[in-house]
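**Student:** got a predicted structure plus its sequence, pasted below:
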Amino acid sequence: MQLPAIGAQKFVSGELENLRRTGGSGRQNKSGPRGSRTLLMSQRFVHLHNHTEFSLLDGANRIPAMVGRAKELGMDSLAITDHGVMFGVMEFYWACKEAGIKPLIGMEAYVAPNGHKKRSGREDNDRAHLLLLAKNLEGYRNLCKLATIAALEGFYSKPRIDHELLRQYGAGLIGTSTCLSSEICRALLREDYVQANHIAGMYKEIFGEGNYFIELQDHRLAEQERIRPQLLRLSKELDIPLVATNDAHYLCKTDHDSHELLLCIQTNDVLSNSKRMKFNTREFYLKSQEEMEALFADVPEAIGNTGYVADMCEVELAANRAGMPLPELPEGETPGSYLRKVATESLPRRVQECDEAAWERLKFELDVIESTGFESYFLLVREFANYAREQGIHYGVRGSAAGSLVSYAIGITEVDPLHYDLTFERFLNPERVSMPDIDMDFEDARREEMIQYVTGKYGSERVAQIVTFGTMGAKAAIRDTSRVLGKPPQEADRICKCIPNTPGITLEKALEEIAEFKQLVASDPEVREIVDKAKSVEGRVRHCGVHAAGLVISGEPLVEYVPLYRGNEGQPITAFEMGVLEKMGLLKMDFLGLSNLTVLAQTVRIVAETRGEHLDIGSIPLDDEATFEMLGRGDTTGVFQLESPGMRRHIQELKPRNVKELSAMVALFRPGPIKHIPEYIDAKYGRKKPEFLDDRMQPILEETYGVIVYQDQVLKSVRAVAGFTLGKADLLRKAMSKKDKSALDALLEDFLKGCAANGVEQRVAKKIWTRLEPFAGYAFNKAHAVCYAILAYQTAYLKAHYPVEYMAALLGAYMEKEDRVITLIDECRRQKIPVLQPSINRSGISFGVEGSAIRFGLAAIKGVGTGMVSSLIEERETNGPFGHLYEVAERLKPMGATKPVLEALIKAGALDEFGQNRLTLLGYVDGALSFADSANRDRNAGQVSLFGEGEQVADVVHYPELPEAEPPDRAQLTSMEKEVLGVYVSDHPLRGYERLLPQMSTHRCGAITELDDGTPVRMAGVVSNVRTLVTKRTGEKMASFRLEDFSGQVGVIVFAKTFAKLGGQVENDTVVQVEGAVMHRERRNGGEKDIEVRLDQLQRLDPPLALDLASPDSMAGTVVIQISRATEADLKRLSKLLADHPGDYGLRLDVLVGKQVVPIFPALTVDPQDGLIRRIPKAVPGAEVTVMSADESKALAHRT
């Protein structure tokens, strides 16, 4: 059937040219598209509805590829319209400009039916789609405001706007009716033409005559075909012009399958599920004009009107730049004059040897800063630093900013760049002007305080944190693709094992470089399918989050320039990532929360409280003998940057004697340069002679014993031998780091010419180049390394001189990270620092120091809560200590204490001081709470005294005696502590297994994070947190648990086949040996990888078979048991008998193994009285028992 001609107007070339001139003026165009459908077929088509990868896990178009494809298709304009967001707008804008294509800025908005703030249920979650395009700068800014309000106020599963917001911010915008998910199409699909007509008329009124269009799509979908006549009818009746779009979600027809993969990743589904969310045709790609004309041959005006819309849009963003806020200035001062004044007055106080060279350096830096216009920036950062200092917030500066003498002079940094020979030009290069970066680290506990200060000072509308995007790396793409294809997790593990953990590795590169991977793909068709499909999604944006440090500050409201989005906790963040903001010229600050600064600050506070000493961490000596001796022993647990097993080993070999050597180690201990650490150490000790190649390089490399460690050394070397300028040296650094062959070839020629001009032989010059080239790619910024080395030294100094206070601060900083607390408690035991269980009368909120011991904080108890802890401590300080369970209930119940709270306190041991065992106290919790209700009710009623009307009876309360229950055994006690503290405190299930663990393990649990994906491991430890679940794909059971030893804990995954073999062996509180392989698993919402172990085999370890050496030095004596032969049943009886007689005598078992007696010292103490000696031979026939004094025990231990 021939459709009627409706909804468009004939345009001739002169009219189009006029539209190009006036369409972006913001004035309403009177010659809009309406009337006859006759069109000149030469009119162009423009894609107005396109989704990039920033329509997260829905759009598959990468911006450069999409723009490139539009260029190939001969299109002169292109739109970006991602779902509800503007994440990719600037990248798209710049890519289009570079390609000579006109960028059309838009968004496919979500419209809430009942108002954007309503979140009542299913209806409010049923949001409709609406396409918006910016006509001009006013429209762009209104689009930014709508996107911002949608994210910050209207977020309900998706960011949403509503009709009222469109009325308020519709100026400068074009709207189209969009896809089947629009309000109009939904109404038509319900056969409610009246409602559809009403909605279309409303939008025409909102956007204004000529600014609203009915959108036609044809993806060969029955629903589209069904409502098309009604859309044409609406266009005719309401005089609303038509546009044809293709809702492009991917680039080419062949990309349909990769888009399906993305949708399955988004919805956590599998391709084989016929009911999953999917696009039912392969038509959602960027089609050519010819393809679109063929689809809409009956309504050619819908094609031509797309060009008309493109001509209406004139958005120039190049000049849309926000300025930075102004610093506070004394009257009569400019930023330049004031910065020079402050720096000049401060330099003599800050630099001990303020010689002529220092003054010349200061003048040079000030001149560069003034010529680049960054005076205000330095003064603003100084304000931040001053505020932190005034508030007692510990902070530090990292990165190249430490190379600035001006920064040091005015108090921004605390690192003297003259002493450490740091380069200013690495921070602010006068030959390559870009916004400098002064990255600031704060105590992580007080970072938010700094953000609130900046927000309060400049206004919440001018300050925001920054978005960051996580992309799918090679291994993540394999794991996601394998899951979507319905493969078992072991298949992904097998493939990922072959892919190295090299930063930036791609599947294509791995196939080129890794023979094992190449062979696996070539030999296994299923693997080849996974890898081929994974390539299509590799590198795609997977999720967004909040940048760990970034903060943008503007002199004007941000939303005029940048749309805002919603962070993980609902906070406003920019919708543009950091690199985009920098390119836009916005002031970007790095405010990173660093736990080590919290530890420094807390240590200083604890030392002041417990010792009365007032430490100034910035004034400690940097040449302390005890500190360097401790580092030389490898005693680096808890020391910033130096505590990993690999670093510990190298530090022991180096035995550093100054901060400069620590700085070199911080710089070298990374992938790439780590292989040069032995060379560095050998050169230090004279085992290898440094090779400088040219005399001019000796002063540059002397400090690092001839090894290139820092980027600064690369830059200085090429300047010294080849005469490169600063700018050219920096170009070389960038080309080397990017391995840009064409740029390197050109620079090599310049380098060789420069060397020849400076008298360097070509043979030597080539050798220098060969030596510099690999280092430039991964050499470290020296200023950054020095900053971190000083922080490492400061933490080491505190550990060496204030070990108890420092470990308490460390434990407090990591209180919520069980793995870390386990490691730190083990370190306390190694240092013989007692760690005491919580006490209701002695504990504070966090870990504290009690004499020479560390006391658990009450906030570490799960289920109590910081609010309850604060109330408890306040009550204790006001009304005195607690002495009885019933008293605790009576005093805390009005503050919200419940049965779980009291039980958690009891299980943690916080009420042990009352004299009853924990099972006794647990048995009386209900009675205590009933008593509390009654006592508080009586008190509130105000009992009348016999001695006078209105006088209250004195509060003399007698709490009942609590008859003792059977005391908990060792396993029950440790289980309780683990449940509520996450760690074992008073005892450990592995006591008695210490000697066995190293023999049964290739790795400790705490060291797993350093291992590569796929590394085989064997470990022993105690099981906790066992969880079983049913797999979605097969319905089989699998499990997971935590395995813990003294060093930490690691997650273990038990896949279905292995779980079936194990039966019921995976039980909490059992000691086991496991064998398996390391797995690196990407988290769904980004962040760090989860590093776990895939279980292959598990074996339970019985206590009698796991006895360990222990020192008898602190024992009252030793019970020696000689055993010539024993069965397993004998040993089990003996183990139970000994455990039932705790005391202060150590144990020694002399066990006959063959013809040799092997002494074993169980980590168990006993009481030799009460018939124990008499009962041992009954438990183990033939056993002989001797009781020895403490002196005899020590002598025997010494001989052994």
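**Tutor:** That came through fine. Everything quoted here is computed from the prediction, not taken from an experiment.
**Student:** count of residues packed around residue 821?
**Tutor:** Counted with other C-beta atoms under 10 Å, residues neighbouring residue 821 total 24. All C-beta spots, glycine's among them, are computed from the backbone N, C-alpha and C.
**Student:** do the same with residue 71
**Tutor:** The burial count for residue 71: 15, using other C-beta under 10 Å.
**Student:** what is the subsequent helix or strand relative to the host helix or strand of residue 516?
**Tutor:** Residue 516 belongs to helix 515-523 when assigned by DSSP states H and E. Using DSSP H and E, the helix or strand that follows helix 515-523 in sequence is helix 525-537.
**Student:** that next one packs against which elements?
**Tutor:** helix 256-267, helix 474-484, helix 489-496, helix 507-513, helix 515-523 (3 or more C-beta pairs under 8 Å, 6 or more residues apart in numbering; DSSP states H and E).
**Student:** show me what contacts residue 394?
**Tutor:** 388, 442-443, 597-598, 600-601, 604, 617 (C-beta atoms under 8 Å, 6 or more residues apart in numbering).
**Student:** what's the closest of the helices and strands packed on helix 525-537 to residue 104?
**Tutor:** helix 256-267 (22.4 Å; C-beta to C-beta).
**Student:** quick one, that closest one and helix 525-537 angle?
**Tutor:** Helix 256-267 and helix 525-537 meet at an angle of 80 degrees, taking axes from the mean of the first three to the mean of the last three C-alpha atoms, to 10 degrees as the criterion.
**Student:** tell me the buried residues in the next helix or strand after helix 256-267?
**Tutor:** Toward the C-terminus, helix 256-267 is succeeded by helix 289-295 as the next helix or strand (DSSP H and E). Across helix 289-295, burial judged by 16 or more other C-beta atoms under 10 Å covers 289, 291-293, 295.
**Student:** what's the spacing between helix 289-295 and its chain's center?
**Tutor:** 46 Å (C-alpha atoms, centre = their mean, to the nearest Å).
**Student:** immediately after that helix, which helix or strand?
**Tutor:** Assignment by DSSP H and E places the next element after helix 289-295 at helix 300-312.
**Student:** distance between that following helix and the chain's centre?
**Tutor:** Per C-alpha atoms, centre = their mean, the centroid offset for helix 300-312 relative to its chain is 45 Å.
**Student:** what comes into contact with the very next helix or strand once past that helix?
**Tutor:** Downstream of helix 300-312, the first helix or strand assigned by DSSP H and E is helix 335-350. Identification of contacts with helix 335-350 by C-beta under 8 Å, 6+ apart yields 326-327, 329-330, 333, 354, 358-359, 362, 366, 369-370, 375-376, 378-379, 382, 405-406, 408-411, 416.
**Student:** among the contacts of residue 394, which one lies nearest to residue 1101?
**Tutor:** Residue 1101 has its nearest neighbour among these in residue 598, at 38.6 Å by C-beta to C-beta.
**Student:** which residues touch that closest one?
**Tutor:** 394, 443-446, 809, 813.
**Student:** in the helix or strand encompassing it, what counts as buried?
**Tutor:** Secondary-structure assignment from DSSP H and E places residue 598 in helix 595-611. Buried residues in helix 595-611, counting neighbours by 16+ other C-beta under 10 Å, are found at 595-604, 606-607, 610.
**Student:** equivalent analysis for stretch 334-351, please.
**Tutor:** 335-336, 338-340, 342-343, 346-347, 350-351.
**Student:** same check on stretch 510-519?
**Tutor:** 510-511, 514, 517.
**Student:** likewise stretch 110-120?
**Tutor:** So for stretch 110-120, counting by 16+ other C-beta under 10 Å, buried means 110-113, 116.
**Student:** kindly indicate which of the residues you listed lies nearest residue 732.
**Tutor:** residue 110 (48.6 Å).
**Student:** surely that closest one is within a helix?
**Tutor:** No: counting by DSSP: H, G, I helix; E, B strand; the rest coil, residue 110 falls outside a helix, being strand.
**Student:** which residues touch it?
**Tutor:** 83-84, 127-130, 150, 158-161.
**Student:** repeat for residue 869
**Tutor:** Contacts of residue 869 by C-beta under 8 Å, 6+ apart are 845, 857-859, 861.
**Student:** what about 7 Å?
**Tutor:** 845, 858-859 (C-beta atoms under 7 Å, 6 or more residues apart in numbering).
**Student:** which of the helices or strands spans it?
**Tutor:** helix 866-879.
**Student:** the inter-axis angle of whichever helix or strand comes after that helix versus helix 866-879?
**Tutor:** Sequence order places helix 885-892 as the next helix or strand after helix 866-879, per DSSP H and E. Going by the same axes, to 10 degrees, helix 885-892 is angled at 100 degrees with respect to helix 866-879.
**Student:** so what secondary structure elements neighbour helix 885-892?
**Tutor:** Secondary-structure packing of helix 885-892 (3 or more C-beta pairs under 7 Å, 6 or more residues apart in numbering; DSSP states H and E): helix 866-879, helix 925-941.
**Student:** so what touches that helix?
**Tutor:** 840, 872, 875, 879, 882, 897, 902, 911, 914, 921, 924, 928-929, 931-932, 935-936, 959-960, 962.
**Student:** next helix or strand past that helix?
**Tutor:** Assigned by DSSP H and E, the successor of helix 885-892 is helix 899-907.
**Student:** name the helix or strand for the nearest residue in space to residue 713 that is not next to it in sequence, please.
**Tutor:** Sequence neighbours aside, residue 700 is the residue nearest to residue 713 in space, at 5.4 Å (criterion: C-beta to C-beta, 6 or more residues apart in numbering). Assigned by DSSP H and E, residue 700 belongs to helix 698-701.
**Student:** what about the very next helix or strand once past that helix, average pLDDT?
**Tutor:** Counting by DSSP H and E, the next helix or strand C-terminal to helix 698-701 is helix 711-722. Computed over helix 711-722, the mean pLDDT rounds to 92.
**Student:** low-scoring stretches of the stretch 701-850 of the chain, by residue?
**Tutor:** 776-777 (pLDDT under 70).
**Student:** ranges for the helices of it?
**Tutor:** 711-722, 726-738, 741-757, 762-778, 782-801, 803-813, 818-830 (DSSP state H, counting those that start in this stretch).
**Student:** quick one: least confident helix or strand in this structure?
**Tutor:** Sorting the helices and strands of the chain by mean pLDDT, DSSP states H and E puts helix 13-22 at the bottom, at a mean of 34.
**Student:** next structured bit after it?
**Tutor:** Following helix 13-22 in sequence, per DSSP H and E, is helix 63-72.
**Student:** got the contact list for that next one?
**Tutor:** Contacts for helix 63-72 (C-beta under 7 Å, 6+ apart): 47, 50, 52, 78, 88, 91-92, 95-96, 99, 101, 251, 286.
**Student:** can you pull the buried residues of it?
**Tutor:** Quick answer for helix 63-72 (16+ other C-beta under 10 Å): 63, 65-67, 69-70.
**Student:** what's the neighbour count on residue 157?
**Tutor:** 11.
**Student:** what do you get for residue 1174?
**Tutor:** 9.
**Student:** in contact with the nearest residue to residue 475 once chain neighbours are set aside, which residues?
**Tutor:** Using C-beta to C-beta, 6+ apart and skipping the chain neighbours, the partner closest in space to residue 475 is residue 496 (4.6 Å). Applying C-beta under 7 Å, 6+ apart to residue 496 gives the contacts 475, 478-479, 1013-1014.
**Student:** ends of stretch 560-573, what's the gap?
**Tutor:** 14 Å (C-alpha to C-alpha, to the nearest Å).
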